[in-house]
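Participant: sequence-free structure coming up:
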């Protein structure tokens, strides 16, 4: 159960890449007035006998229709259609994306979502996402970010979300949990979150996060799996839990880009607490480090190494969904870490260690929807473990998985990815926006 589930949408990532790339291409073409321009294919006369229905000419539509395909190891298959509308400001820069869709979920039937992404300036952005399916699932997510450049004294993030999901999985606690013990639960999560960050320089930042959330873990929604409440009735975190968490993160960041980094490093040290004295039903603490380094090897290759270590000095009272976790495709500082051969939260325990290495090769340029894009291949290896005793070595009995990442880049705007991982259990496929770390 992770809050970023809302943001991962295969169809949306393809649309955003196409739109952002198209905007950049148009802006470059308008500025390059001295370059000769070939006749537009759209203006060429139609060949005799080749006329077709006007509705089939997508160039005349007020939006770009994008087929939507979203899949994951636990979420099942979702298909849909995504009509996307792009708005530019006076400088030719994108200032808003509207991306509604109509979808059909393998598990939960028909549904629809509305998305608005707004970029008033390069220092500010906000977004709203809302949707529902015929059965079980509902979602709402709103976020406002200010101080993205980190050249002022303060940066701010305000975030509110509600997510009801029927695909949650739990396999048992510990590094040796078995696939055959897989269970399903339905979770409803309401969260309010505020981050205030003091910028000592563009590279050094100290942030304070305050999170209030209410979580309900209920019976299964997927009939082909047993319910988590049935197989693990004493698991901490079942039923209703109110959690008030506070977290400090000290970051040193010298990356040359937040979106498409090719050199530099990001080092983060974090510590967090949830306590009865602060209003939480549960009480626990955690701390750790998260490190990523980027090395450009020639013009078309970037080697990236990532490692994260999370300890929980006190954890007995922690709900299972706030323990350390491995699995899935995303690294979240202070939270879950990737293991792309397995689904989200495949391994859950007190402490965790994770490391990844990938080589990002730029292999070709291509043109689609009037857009110049780059294709990147990224072979990767992930490894990690969860473990109980803080005195144990984090380097033994690691789970290992490898695979290939396929990324489409509209630099410097966005990265869309499909990562395919292989491990001991089965293949896992993930899609989304932004690099995993």
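Facilitator: Nice, I can see it. Note that the structure is predicted; figures quoted are calculated from it, not measured.

Participant: tell me the contacts of residue 384?
Facilitator: 326, 337, 339, 347, 352, 353, 354, 355, 398, 399 (CB atoms under 8 Å, 6 or more residues apart in numbering). Every residue, glycine included, has its C-beta placed from N, CA and C.

Participant: if you set the cut-off to 6 Å instead, what comes out?
Facilitator: When contacts are counted by CB atoms under 6 Å, 6 or more residues apart in numbering, residue 384 is found next to 326, 339, 353, 354.

Participant: Model confidence for it, exactly?
Facilitator: The predicted local confidence for residue 384 comes out at a pLDDT of 97.

Participant: cool, and the one 3 residues further on?
Facilitator: According to the per-residue confidence, residue 387 scores 96 in pLDDT.

Participant: does it really touch residue 353, like I thought?
Facilitator: No: using CB atoms under 6 Å as the test, residue 387 is too far from residue 353 to be in contact (7.6 Å).

Participant: Neighbour count for the two, which is higher?
Facilitator: Counting neighbours by other CB atoms under 10 Å for residue 387 and for residue 353 shows that residue 353 has the greater number, 24 against 21.

Participant: Assign a three-state SS to that one, would you?
Facilitator: Using DSSP: H, G, I helix; E, B strand; the rest coil as the criterion, the local structure at residue 353 reads strand.

Participant: next one: residue 180
Facilitator: helix.

Participant: quick one: it and residue 171, what's the gap?
Facilitator: To residue 171, residue 180 is 9 Å away according to CB to CB, to the nearest Å.

Participant: same check, this time on residue 288
Facilitator: If you measure residue 288 against residue 171 using CB to CB, the figure is 23 Å.

Participant: likewise residue 313?
Facilitator: Between residue 313 and residue 171 the distance, using CB to CB, works out to 25 Å.

Participant: which residues touch the host helix or strand of residue 184?
Facilitator: Assigned by DSSP states H and E, residue 184 belongs to strand 183-199. Taking contacts as CB under 6 Å, 6+ apart, the residues outside strand 183-199 that touch it are 1, 150, 155, 157-166, 168, 170, 205-218, 220-222, 225-226, 228, 231.

Participant: and those residues, which are buried?
Facilitator: 1, 150, 155, 157, 159, 161-166, 168, 170, 205, 207, 209, 211, 213, 215, 217-218, 220-222, 225, 228 (16 or more other CB atoms under 10 Å).

Participant: where do the strands sit along the stretch 151-300 of the chain?
Facilitator: Listed in chain order, the strands found in the stretch 151-300 of the chain under DSSP state E, counting those that start in this stretch are 154-170, 183-199, 204-218, 239-253, 264-274, 284-296.

Participant: Next, format those strands as a markdown table and append mean pLDDT and distance to residue 382.
Facilitator: Formatted as a markdown table, these follow (pLDDT from 0 to 100; distance: least, CB to CB, whole Å):
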| stretch | mean pLDDT | distance to residue 382 |
| --- | --- | --- |
| strand 154-170 | 97 | 19 |
| strand 183-199 | 97 | 24 |
| strand 204-218 | 97 | 26 |
| strand 239-253 | 95 | 23 |
| strand 264-274 | 97 | 18 |
| strand 284-296 | 97 | 13 |
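
Participant: So for residue 306, which of these sits nearest?
Facilitator: With CB to CB as the criterion, residue 306 lies closest to strand 284-296 of these, at 4.5 Å.

Participant: what's the distance between that closest one and the middle of its chain?
Facilitator: 17 Å (CA atoms, centre = their mean, to the nearest Å).

Participant: do the same with stretch 147-163
Facilitator: What separates the centre of stretch 147-163 from the centre of its chain is 17 Å, taken as CA atoms, centre = their mean.

Participant: Tell me the first helix or strand C-terminal of the lowest-mean-pLDDT helix or strand in the chain.
Facilitator: Across the helices and strands of the chain, the lowest-confidence element by mean pLDDT, DSSP states H and E is helix 10-31, at a mean of 47. Helices and strands here follow DSSP H and E; after helix 10-31, the next one along the chain is strand 64-72.

Participant: Strand 154-170 and that next one, what's the angle between them?
Facilitator: Strand 64-72 runs at 50 degrees relative to strand 154-170, counting by axes from the mean of the first three to the mean of the last three CA atoms, to 10 degrees.

Participant: If we go by neighbour counts, what in strand 64-72 is buried?
Facilitator: The neighbour-count check on strand 64-72 (16+ other CB under 10 Å) flags 64, 66, 68, 70, 71, 72 as buried.

Participant: And that strand, what does it pack against?
Facilitator: Using 3 or more CB pairs under 6 Å, 6 or more residues apart in numbering; DSSP states H and E as the contact criterion, the secondary-structure elements in contact with strand 64-72 are helix 10-31, strand 76-88.

Participant: ok, and for stretch 421-437, which residues are buried?
Facilitator: Within stretch 421-437, the residues that qualify as buried by neighbour count (16+ other CB under 10 Å) are 421, 423, 428, 430, 431, 432, 433, 435, 436, 437.

Participant: Could you work out the most separated pair of these?
Facilitator: Within the buried residues of stretch 421-437, 423 and 433 form the most distant pair, 24.0 Å apart (CB to CB).

Participant: Model confidence for residue 135, exactly?
Facilitator: Each residue has a pLDDT score; the one for residue 135 is 97.

Participant: typo on my end, residue 39
Facilitator: 45.

Participant: Quick check: pLDDT value at the nearest residue to residue 171 once chain neighbours are set aside.
Facilitator: Leaving aside its chain neighbours, residue 171 sits nearest to residue 177 (4.2 Å; criterion: CB to CB, 6 or more residues apart in numbering). On pLDDT, residue 177 comes in at 96.

Participant: Residue 56 too?
Facilitator: At residue 56, the pLDDT value in this model is 44.

Participant: Could you report the neighbour count for residue 312?
Facilitator: Look at residue 312: counted by other CB under 10 Å, it has 22 neighbours.

Participant: list the contacts for it?
Facilitator: With the criterion set at CB under 6 Å, 6+ apart, residue 312 makes contact with 286, 350.

Participant: so what's the nearest residue to residue 237 once chain neighbours are set aside up against?
Facilitator: Closest residue to residue 237 in three dimensions, ignoring its sequence neighbours and counting by CB to CB, 6+ apart: residue 319, at 2.8 Å. Each residue near residue 319 by CB under 6 Å, 6+ apart is listed here: 236, 237, 241, 282.

Participant: What does the second one show for phi and psi?
Facilitator: Here the main-chain torsion angles of residue 237 (degrees, to the nearest 10) amount to phi 110, psi -10.

Participant: so it touches residue 320, yeah?
Facilitator: Yes: counting by CB under 6 Å, a contact exists between residue 237 and residue 320, whose distance comes to 4.5 Å.

Participant: For residue 405, list the residues it contacts.
Facilitator: 378, 380, 417, 419.

Participant: Sort out for me which of these are in strands.
Facilitator: Residues from these lying in strands, with DSSP state E as the criterion: 378, 380, 417, 419.
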